[in-house]
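**Student:** here is a sequence together with a model predicted from it:
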Amino acid sequence: MNAPLLIGVALGALAVAYVLWPLLRPPRGQRRVSDALARPP
Amino acid sequence: MGAWGTALGFTGALTRRADLSASGERGLHAATCFAALAMTGLGWALAVGDLTYRFVATWTSYSTPLPYRIGAVWAGPSGALLLWAVALGAGASVASATLRRGSVLRTWTAALLALLLLAVLAMACFDTNPFLRLPFPPDDGRGLALEWLRPVVLLQMPLGYVAMALVAVPAVMTVMGALGSAPWRNASRRWAVACWGLLAAAMLLDWRRRYGDTAWSEDWRWAPVHAGTAFAWAGASLLVLTTGKRWRADASILAGFAAFTLALTGLTLRRAHGWEGVHDFAASAAGRAAAWLALAAVMAVAVDALRGLRGATDVAARAVRVAQAATLVVAAALVAAGFERGGDLSIREGERAQAADRFGAPWTLSLEGVSTVGRVDVVSNVVAVRAAVRGGARAYVTAEVRSRFKGAAQAPVDQLQLAGIAAGVVQDLRVDVREASTAAAILTVRFVPFASWIWLAGTFAVLAAIIAALAPARRDPEEPAMVPAIPDAPDPWDAAAADAPPSVVGVA
């Protein structure tokens, strides 16, 4: 594989990760599982 | 990425899901970065002269100097598309990032602008791709026309493209704002004024470029119509008016669409290297009537706005008024520049000739010499003229005829004539070469009244518009005070939030 193609693929992967990030991370304010377990009944 | 931005942007706006909109906006940013990367790649290919690309072989040759090689990016319609995409993408990214997070206006503006960007990028990919390869590279490229090889063109072309592409941002914001109920006037007005200023600068450069060109000596004032910026400027002016006055929603929507269409017309004209019929139109009765009508309209609007000067309390409003006053001066100077006086002079080296200007002052012109300067395949004939009024030396101007020769051909394949201009406060002395031999020349001498006022007042208008666009925001009475309804919850994935003790500990 030549260098420009490699750079292109790497940049493409970075861009995909960048645009998918808001969808993959949990919504704001969502507590972690450990916090939920620590909550007193 | 553009398609992602469009799809997720619209889905997010329709379902009001913030995560989808955020992802769509990121798609918009990424598409802009990739468009910029593509433009850089094209610029690099042009700079190193990679003749395997059809675009490079069409628009550059080995004798093209480096700055003009890079400037050839926007010389062809396909390269101009890339610049359009980068400018539109950058504008859309900044616009969506500066609007209030989570507002309906932001999600819809980002989605629609992403759709536009997608359309431009699709054109660049499937219609006129600048990266097409030639089956075999030629020995040398075709090169740029001589009229492109001027420093002013290096700035005039890209500025016009960028300014016209950016008009889409306030146009979309206005349409979306007027359709919805969220406050939109302040943000839209800021963008409209910024675009107006950029377009005014682009128009000034259009005028400047054609003012120095002998082929345009009769109708240089039509340059922005030829280059398309005049249409986009009219659209931007309409947006400034719409956002300044409280028009009805449907009128605002109509104005937004009209501004967008005008900007698109301008861009299309410029990509086609200008409207060639402008010379005939300028000479026709309809053209003259249209020009007077347009000037009268611009002056009427500027005067109408100036009457509200006392009501202007903040910096932005005052700066807009200054820009309108300067526009009025430019319009008046354009009218005055039409009352030029001139004639042809046949003059030999060392001889003197007399000419009278508009104010009756006798000018003495003497031909100092005709020189021939060559550079690779371009030969310039430079005619030097000294001018004096009532015995006092006033100006020394050089007019030029630039010719390009190819191979052993005797006749030039391309020619550019540049006027010699001595600028003055009241009038410019302008000398064009009609014919030149080694020791004699036939010159056209013109006295153009108040031409300097166009550049001076125009620069004022541009600066005032930039100040107005950047000035601190005045609170719109329609806009509710910005009170965060729900305080931001700590982001559990943030490092800082993870380090802090969980809130439940405090409760316990």
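**Tutor:** Yep, it's here.
**Student:** buried ones in stretch B:4-22?
**Tutor:** Within stretch B:4-22, the residues scored as buried using 16 or more other CB atoms under 10 Å in any protein chain shown are B:4-10, B:12-13, B:17, B:19-22. Placement of C-beta: from N, CA and C, glycine included.
**Student:** how about the residues you listed, which pair is most distant?
**Tutor:** Distance extremes for the buried residues of stretch B:4-22: the farthest pair is B:Thr6 and B:Asp19 at 16.5 Å, using CB to CB.
**Student:** you'd agree B:Ala182 is in a strand?
**Tutor:** No - using DSSP: H, G, I helix; E, B strand; the rest coil, the secondary structure at B:Ala182 is coil, not a strand.
**Student:** ok, now which ones touch it?
**Tutor:** Applying CB atoms under 8 Å, 6 or more residues apart in numbering or on different chains to B:Ala182 gives the contacts B:103-105.
**Student:** just to revisit the earlier point, which among the buried residues of stretch B:4-22 gets closest to B:Leu166?
**Tutor:** Nearest to B:Leu166 among those, with distances taken as CB to CB, is B:Gly5, at 17.7 Å.
**Student:** how many neighbours does the closest residue in space to the closest one that isn't next to it in sequence have?
**Tutor:** Excluding its sequence neighbours, the residue lying closest to B:Gly5 (CB to CB, 6 or more residues apart in numbering or on different chains) is B:Gly27, at 3.1 Å. By other CB atoms under 10 Å in any protein chain shown, 28 other residues sit near B:Gly27.
**Student:** got it, and B:Ala388?
**Tutor:** 15.
**Student:** any weak-confidence spans in chain A?
**Tutor:** Filtered on pLDDT under 70, chain A yields the residue ranges A:1, A:26-41.
**Student:** can we see that at 80?
**Tutor:** A:1, A:25-41 (pLDDT under 80).
**Student:** list the buried residues of the helix ranked longest in it.
**Tutor:** For chain A, the helix with the greatest residue count under DSSP state H is helix A:3-24. For helix A:3-24, the neighbour count (16+ other CB under 10 Å) marks A:15, A:18-19, A:22 as buried.
**Student:** do it and chain B meet at all?
**Tutor:** Yes - for helix A:3-24, a contact with chain B is found by CB under 8 Å from any CB of the partner chain, at A:11, A:15, A:18-23.
**Student:** quick one: contacts of that helix?
**Tutor:** Residues from elsewhere that reach helix A:3-24 (CB under 8 Å, 6+ apart): B:1, B:4-5, B:8, B:19-20, B:22-23, B:26-27, B:29-30, B:33-34, B:37.
**Student:** in helices, which of the residues you listed fall?
**Tutor:** Per DSSP H, those map to helices at B:4-5, B:8, B:19-20, B:22-23, B:26-27, B:29-30, B:33-34, B:37.
**Student:** make JSON lines from those residues and add pLDDT to it.
**Tutor:** Compiled in JSON lines, the ones in helices among the contacts of helix A:3-24 are given as follows (pLDDT from 0 to 100):
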{"residue": "B:Trp4", "pLDDT": "89"}
{"residue": "B:Gly5", "pLDDT": "89"}
{"residue": "B:Leu8", "pLDDT": "88"}
{"residue": "B:Asp19", "pLDDT": "86"}
{"residue": "B:Leu20", "pLDDT": "89"}
{"residue": "B:Ala22", "pLDDT": "90"}
{"residue": "B:Ser23", "pLDDT": "92"}
{"residue": "B:Arg26", "pLDDT": "93"}
{"residue": "B:Gly27", "pLDDT": "93"}
{"residue": "B:His29", "pLDDT": "94"}
{"residue": "B:Ala30", "pLDDT": "95"}
{"residue": "B:Cys33", "pLDDT": "94"}
{"residue": "B:Phe34", "pLDDT": "94"}
{"residue": "B:Leu37", "pLDDT": "93"}
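**Student:** going by distance to B:Pro130, which of the residues you listed wins?
**Tutor:** B:Leu37 (13.3 Å).
**Student:** tally of neighbours for the closest one?
**Tutor:** So B:Leu37, with other CB under 10 Å, has 14 neighbours.
**Student:** check B:Thr40 too.
**Tutor:** So B:Thr40, with other CB under 10 Å, has 13 neighbours.
**Student:** same thing with B:Gly141?
**Tutor:** Neighbours of B:Gly141 (other CB under 10 Å): 24.
**Student:** tell me the SS of it?
**Tutor:** coil.
**Student:** in three-state terms, label the closest residue to B:Ala215 other than its chain neighbours for me.
**Tutor:** Leaving aside its chain neighbours, B:Ala215 sits nearest to B:Gln417 (6.5 Å; criterion: CB to CB, 6+ apart). Under three-state DSSP, B:Gln417 falls in the strand class.
**Student:** now swap in B:Val445 and tell me
**Tutor:** Quick answer, by three-state DSSP: B:Val445 is strand.
**Student:** what of B:Leu113?
**Tutor:** Applying three-state DSSP: B:Leu113 is helix.
**Student:** who's in contact with the closest residue to it other than its chain neighbours?
**Tutor:** Spatial nearest neighbour of B:Leu113, chain neighbours left out: B:Ala92 (3.6 Å); criterion: CB to CB, 6+ apart. Contact analysis of B:Ala92 by CB under 8 Å, 6+ apart lists B:28, B:32, B:109-110, B:113-114, B:116-117, B:168-169.
**Student:** now the strands for the stretch 201-350 of chain B?
**Tutor:** Ranges of strands in the stretch 201-350 of chain B, per DSSP state E, counting those that start in this stretch, are B:341-348.
**Student:** the residue nearest to B:Gly180 when sequence neighbours are not counted: how many residues sit nearby?
**Tutor:** Leaving aside its sequence neighbours, B:Gly180 sits nearest to B:Val104 (CB to CB, 6+ apart; 5.3 Å). Neighbourhood size, B:Val104 [other CB under 10 Å]: 19.
**Student:** chain A versus B:Val104, what's the distance?
**Tutor:** 18 Å (CB to the nearest CB, to the nearest Å).
**Student:** ok, that residue - contacts?
**Tutor:** B:13, B:16, B:180, B:182.
**Student:** what residues does the closest residue to the first one other than its chain neighbours make contact with?
**Tutor:** If I follow you right, that is B:Ala13. Among residues not flanking B:Ala13 along the chain, B:Thr107 sits closest, at 4.2 Å (CB to CB, 6+ apart). With CB under 8 Å, 6+ apart as the criterion, the residues that contact B:Thr107 are B:9, B:12-13, B:16, B:21, B:24.
**Student:** nearest to B:Ala163, of those?
**Tutor:** B:Gly9 (24.6 Å).
**Student:** surely B:Met176 touches B:Trp184?
**Tutor:** Yes - between B:Met176 and B:Trp184 there is a contact under CB atoms under 8 Å: 7.2 Å.
**Student:** residues shared between the contacts of those two?
**Tutor:** B:Leu105.
**Student:** buried sites along stretch B:415-426?
**Tutor:** Within stretch B:415-426, the residues that qualify as buried are B:416-421, B:424, counting by 16+ other CB under 10 Å.
**Student:** repeat that for stretch B:305-321.
**Tutor:** Buried residues in stretch B:305-321 (16+ other CB under 10 Å): B:305, B:316-321.
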